[in-house]
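Chemist: For reference, the sequence and a predicted model appear below.
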There are 2 protein chains.
Amino acid sequence: MGDCSVGLAPEMQKTVYVGTFVHSKSLQELDICERGVIGVDVTGKIAFIERHTVDLETILKEHEGWSGAKVVKGHENGFFFPGFIDTHIHAPQYPNAGIFGKSTLLDWLNTYTFPTESAFSLLSKARPIYNRVVRRTLSHGTTTAAYYATIHVASTNLLASICLINGQRAFIGRVCMDSDLSPPTYRDASAADSVSSTVAVINHIRQLDPHGTLVAPIITPRFAPSCTSHALSLLGALQREHDLLAQTHISENPSEVALVKAMFPSAKSYADVYDAAGLLNSKTILAHAIHLTADETALVRARGAKISHCPASNSALTSGVAPVRALLDEGIDVGLGTDVSGGYSPSVLEAARQAVLVSRLRSVILAGREQCKERGGEDQAERAKLSTEEALFLATRGGAQVVGLADRVGAFEVGMEWDAQMVGLGPLVGGGASGGDADDQDAAAVADAETTSSAEVEASPVDIFGWETWPERVDKWVFNGDDRNTLAVWVKGRLVHKREGVEL
Amino acid sequence: MGDCSVGLAPEMQKTVYVGTFVHSKSLQELDICERGVIGVDVTGKIAFIERHTVDLETILKEHEGWSGAKVVKGHENGFFFPGFIDTHIHAPQYPNAGIFGKSTLLDWLNTYTFPTESAFSLLSKARPIYNRVVRRTLSHGTTTAAYYATIHVASTNLLASICLINGQRAFIGRVCMDSDLSPPTYRDASAADSVSSTVAVINHIRQLDPHGTLVAPIITPRFAPSCTSHALSLLGALQREHDLLAQTHISENPSEVALVKAMFPSAKSYADVYDAAGLLNSKTILAHAIHLTADETALVRARGAKISHCPASNSALTSGVAPVRALLDEGIDVGLGTDVSGGYSPSVLEAARQAVLVSRLRSVILAGREQCKERGGEDQAERAKLSTEEALFLATRGGAQVVGLADRVGAFEVGMEWDAQMVGLGPLVGGGASGGDADDQDAAAVADAETTSSAEVEASPVDIFGWETWPERVDKWVFNGDDRNTLAVWVKGRLVHKREGVEL
């Protein structure tokens, strides 16, 4: 673990975090507290929040029992931000991140995905990959992930152990697929096998983490075309019996939608396939939801199911652009997913960036439809755009709603758990100095004197000049930031990642 | 300059580069030479290329006078790649990178751009920003850039000096804007001022770099709406008189197109405004070209003008998705531009990634038009997709065509100049070892033993597992790589950037 203090039973101490705090107040609005103090108790819960700090010592005295607490100061040019929640990621596909050619969903599954996943029958294959994906996502600030594993019980159990040991909050899904869409070498023997293997994982995880403090099982039928109706119904029953989350895919790609129609001729719609199986409910996460009909959207909303928006994947696989604004307007809870490896990046920050960008292309598409008179409104096109603030809400509070943890993570509130990242945006360019008045000097000579070293551009991919407002700093982070700006990460008060050289 | 050996007159020595070389053979195809040697002479030109190296010493002996040459070995897990060519970047806007809200072109100019650029009347404001943008783009592998500066002669000259000192190949454009679209505090006094100020910059740069080895002036009318017809005609004449490149914008945004129609009522089209001024020719770079009519596209093609595709900017500002495939099919030369700060990123690698991604959304848009019967063809939608190979062609050889340097840079060929980057993709995950056979061990214990340190995920944003083909490694670089993977950069044989800790 390098110099990170993590493990199954680390010692915890009262800690106060001091600096600038940014989190979502609402979908549209960030709450930026410039000089705050947050006290986190030994159970990892936020005990108090002070918003206007003049003197830390006075604050510590005012809170009984906190005067000896550890003090962690935020980066002078950054802020604490809630940990990201990745509501859709396929851990075993991580080695394929960035490799997808010009494929679309169904050929991509056969070309890249099934061969990769089938190798996870061997723990020795699974281990280095699962270790890397957990360390990698933590380094990008992902404090909670809803993982799809593979059909293999042993390596799925291993993924749960790796999350627990590394301190990442995770939902671990043993993938169920018993239809003949999947190759004979990589599918469940029967619907009963889908269920019994899932139960084996549920039992194992409940033994590992009896109170579900960090890791929990999640019922995971891959998607309708890879499951029989029988398996879907049994898994729906299993979800109810164990009161667990479930996750699956819906309406990612027009060919997939057509396939579902052909495979489930008696179903009224794709969403109805899940509804009929009892799988469409308030504890179900649906990935993608790009091509839902109005009736399906209404059904999803009525059942309280959640949606994971995966913009990087949807562009990469030419799936389309999800109508996020319309889903939000319906009152459906939406979070972000990296969808590795349909999505090329393990970073939720990249997913947030892509959510903003593709929402503008959604706007272009809607403006084009207006031209073809299908439906109306420049307003609709304009409204389709997501702001940075909205994308960050989806990445945190929205994600927490999707995975059923909205009362525990995704924001900074008293009683919530300290799942957080320390963001630093690097030193000010030129130290923030005005540069003096050298306007009459020879231009070439002036240029020479000011040439910067490699180290200065390597410190951070973001350049801050000193005049930026806090919302502008947040924008710069979202558009040019990366894991180099995530200096440290905590889950439930425990330090789970720290970049080399960062002093806490 | 840290430990980089650059400057106005550095000593050069014969150097042989040894390792894997990747460059574009054609638009569709990368040429990957796994064990090659390239000899670069003291003038920075490629003297020889050996494709099948067994023994370096033998090769050096076979080439007379090369046995004492400096040897630079490529990264064991990477390759040499041509330097990137950024065919469209606004240097003074760099501080705003990532800040654009929900604005579109015309309000973005007034809100963010004009206020920022007008401050460049002071060299003390310009200097730290121009220094940073040149160092930053070099660190991303940009060996050639076509810069827009501002209307200010002194700071535009400073930008030229900074490029020369840092060793970046650059076209330096003093921005011309004499219409009343621009605020009174930031515009040319007259068309004559546009010309005389441009001439002042041309003369200065020709004095700085008499043979145009690295920096050259470029005629830069901002775009039709910010120039009078008179200024455009004078600048067209100036381009012919001095035989220079010219650069401007075209058809980025529907409102802009409408504005041009209103401001130039006698012109047949937006493209015709430039054509009438003599500015549409084979030495002209047109940025964006999203909304060209078929007639305009034919005119651009007939004149041999070039197009800079700026996908990150076009998504960010809701401008649309350029029909890159259609432009290429016409036979028009296309390169990539970051368009900082309409584009949020100074990285051409990011522009290449976005080019691939938005081409898929262009495909989605075309498929949608098919549904509304405007025009035909699933084929057209499928063909719209750009491959990684094609995006990398646009970033290198395509860009070289656009800036008129196709015979000198953008690829590795004997007689061309050594503008190159050394790409390293980090160590293999788990050292590439198979991991042994531990399948019967307790899963939790196995997980514990394998937990990796922060340092391992910090070394590179790309994870290579060892089984990837070279094209797959290139894909991984394009989709998850960044400046951390650009270990060193050369322009005309001269080292201009090197990451800390890299030994050459």
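Modeler: Sure thing, it's come through.
Chemist: Do you have the helices of the stretch 251-400 of chain A handy? List them.
Modeler: Under the criterion DSSP state H, counting those that start in this stretch, the stretch 251-400 of chain A carries helices at the ranges A:254-263, A:270-276, A:294-303, A:311-316, A:324-330, A:348-371, A:378-384, A:388-393, A:399-402.
Chemist: Helix or strand: which one has residue A:19?
Modeler: For residue A:19, the host element (DSSP states H and E) is strand A:15-24.
Chemist: Can you name every helix or strand that that strand contacts?
Modeler: When contacts are defined as 3 or more C-beta pairs under 8 Å, 6 or more residues apart in numbering or on different chains; DSSP states H and E, strand A:15-24 sits against strand A:30-40, helix A:56-62, strand A:70-73, strand A:78-82, helix A:388-393, helix A:470-480. All C-beta atoms are positioned from the backbone trio N, CA, C, and that covers glycine.
Chemist: again, only using 7 Å
Modeler: Under the contact criterion of 3 or more C-beta pairs under 7 Å, 6 or more residues apart in numbering or on different chains; DSSP states H and E, strand A:15-24 touches strand A:30-40, strand A:70-73, strand A:78-82.
Chemist: Could you identify the helix or strand that succeeds the helix-or-strand element of chain A with minimal mean pLDDT?
Modeler: Across the helices and strands of chain A, mean pLDDT, DSSP states H and E gives its lowest value to helix A:443-450, namely a mean of 46. Counting by DSSP H and E, the element after helix A:443-450 in chain order, helix or strand, is helix A:454-458.
Chemist: follow-up on the earlier one: now render the helices of the stretch 251-400 of chain A as a markdown table, adding mean pLDDT and distance to residue A:135.
Modeler: Formatted as a markdown table, the helices of the stretch 251-400 of chain A follow (pLDDT from 0 to 100; distance: least, C-beta to C-beta, whole Å):
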| stretch | mean pLDDT | distance to residue A:135 |
| --- | --- | --- |
| helix A:254-263 | 98 | 32 |
| helix A:270-276 | 98 | 34 |
| helix A:294-303 | 98 | 34 |
| helix A:311-316 | 98 | 20 |
| helix A:324-330 | 98 | 30 |
| helix A:348-371 | 93 | 15 |
| helix A:378-384 | 90 | 36 |
| helix A:388-393 | 98 | 24 |
| helix A:399-402 | 98 | 20 |
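Chemist: Export those as a markdown table, with columns for distance to residue A:119.
Modeler: Formatted as a markdown table, those follow (distance: least, C-beta to C-beta, whole Å):
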| stretch | distance to residue A:119 |
| --- | --- |
| helix A:254-263 | 24 |
| helix A:270-276 | 29 |
| helix A:294-303 | 34 |
| helix A:311-316 | 22 |
| helix A:324-330 | 35 |
| helix A:348-371 | 26 |
| helix A:378-384 | 41 |
| helix A:388-393 | 35 |
| helix A:399-402 | 30 |
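Chemist: Throw these into JSON lines and include mean neighbour count, thanks.
Modeler: Formatted as JSON lines, the helices of the stretch 251-400 of chain A follow (neighbours: other C-beta atoms under 10 Å in any protein chain shown):
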{"stretch": "helix A:254-263", "mean neighbour count": "16"}
{"stretch": "helix A:270-276", "mean neighbour count": "23"}
{"stretch": "helix A:294-303", "mean neighbour count": "16"}
{"stretch": "helix A:311-316", "mean neighbour count": "28"}
{"stretch": "helix A:324-330", "mean neighbour count": "18"}
{"stretch": "helix A:348-371", "mean neighbour count": "24"}
{"stretch": "helix A:378-384", "mean neighbour count": "16"}
{"stretch": "helix A:388-393", "mean neighbour count": "26"}
{"stretch": "helix A:399-402", "mean neighbour count": "29"}
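Chemist: tell me the domain ranges of chain A?
Modeler: Structurally, chain A divides into domains by automatic domain parsing as follows: A:1-82+A:410-428+A:455-504, A:84-402.
Chemist: which stretch in those domains has the least confidence?
Modeler: Mean pLDDT is lowest for domain A:1-82+A:410-428+A:455-504 among these, at a mean of 92.
Chemist: hmm, back to that, using CSV, please lay out the helices of the stretch 251-400 of chain A together with distance to chain B.
Modeler: Listed next are the helices of the stretch 251-400 of chain A as CSV, based on distance: least, C-beta to the nearest C-beta, whole Å:
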stretch, distance to chain B
helix A:254-263, 8
helix A:270-276, 19
helix A:294-303, 17
helix A:311-316, 4
helix A:324-330, 12
helix A:348-371, 4
helix A:378-384, 8
helix A:388-393, 8
helix A:399-402, 22
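Chemist: out of those, nearest to residue A:106?
Modeler: Among the helices of the stretch 251-400 of chain A, the nearest to residue A:106 by C-beta to C-beta is helix A:254-263 (5.7 Å).
Chemist: follow-up on the earlier one: tell me the most buried of the domains of chain A?
Modeler: The highest mean neighbour count among the domains of chain A, using mean count of other C-beta atoms under 10 Å in any protein chain shown, belongs to domain A:84-402: a mean of 22.
Chemist: For the helices and strands packed on strand A:15-24, give me CSV that also has distance to chain B.
Modeler: Output for the helices and strands packed on strand A:15-24, formatted as CSV (distance: least, C-beta to the nearest C-beta, whole Å):
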stretch, distance to chain B
strand A:30-40, 13
strand A:70-73, 17
strand A:78-82, 15
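Chemist: between those, which one is nearest to residue A:387?
Modeler: Taking C-beta to C-beta, strand A:30-40 is the member of the helices and strands packed on strand A:15-24 nearest to residue A:387, at 9.7 Å.
Chemist: what angle sits between that closest one and helix A:470-480?
Modeler: Put simply, strand A:30-40 runs at 90 degrees to helix A:470-480, going by axes from the mean of the first three to the mean of the last three C-alpha atoms, to 10 degrees.
Chemist: Who are the packing partners of strand A:30-40?
Modeler: strand A:15-24, strand A:46-50, helix A:470-480.
Chemist: Not counting its own residues, what contacts that strand?
Modeler: For strand A:30-40, the external contacting residues (C-beta atoms under 7 Å, 6 or more residues apart in numbering or on different chains) are A:14-18, A:20-25, A:46-53, A:56, A:59, A:63, A:66, A:69, A:389, A:392, A:412, A:418, A:470-471, A:474, A:493.
Chemist: ok, 8 Å please
Modeler: A:14-25, A:46-54, A:56, A:59, A:63, A:66, A:69, A:79-80, A:389, A:392, A:412, A:418, A:470-471, A:474, A:493 (C-beta atoms under 8 Å, 6 or more residues apart in numbering or on different chains).
Chemist: And for stretch A:352-359?
Modeler: With C-beta under 8 Å, 6+ apart as the criterion, stretch A:352-359 contacts A:309, A:311-312, A:314-315, A:321, A:324-325, A:336, A:384-388, A:391-392, A:394-395, A:478-479, B:312, B:315-316, B:354, B:357, B:361.
Chemist: Any chance of TSV for the helices and strands packed on strand A:15-24, columns distance to residue B:105?
Modeler: Below are the helices and strands packed on strand A:15-24 laid out as TSV (distance: least, C-beta to C-beta, whole Å):
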stretch	distance to residue B:105
strand A:30-40	26
strand A:70-73	42
strand A:78-82	31
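Chemist: Would you mind listing what in the stretch 1-150 of chain A touches chain B?
Modeler: Within the stretch 1-150 of chain A, the positions adjacent to chain B are A:1-4, A:94-95, A:97-102, A:122-125, A:127-132, A:135-136, A:139 by C-beta under 8 Å from any C-beta of the partner chain.
Chemist: Which of the residues you listed fall in helices?
Modeler: If you go by DSSP state H, the residues of the stretch 1-150 of chain A next to chain B have A:123, A:124, A:125, A:127, A:128, A:129, A:130, A:131, A:132, A:135, A:136, A:139 in helices.
Chemist: OK, contacts around residue A:250?
Modeler: Counting by C-beta under 8 Å, 6+ apart, residue A:250 makes contact with A:223, A:224, A:270, A:271, A:274, A:286, A:287, A:288, A:289, A:292.
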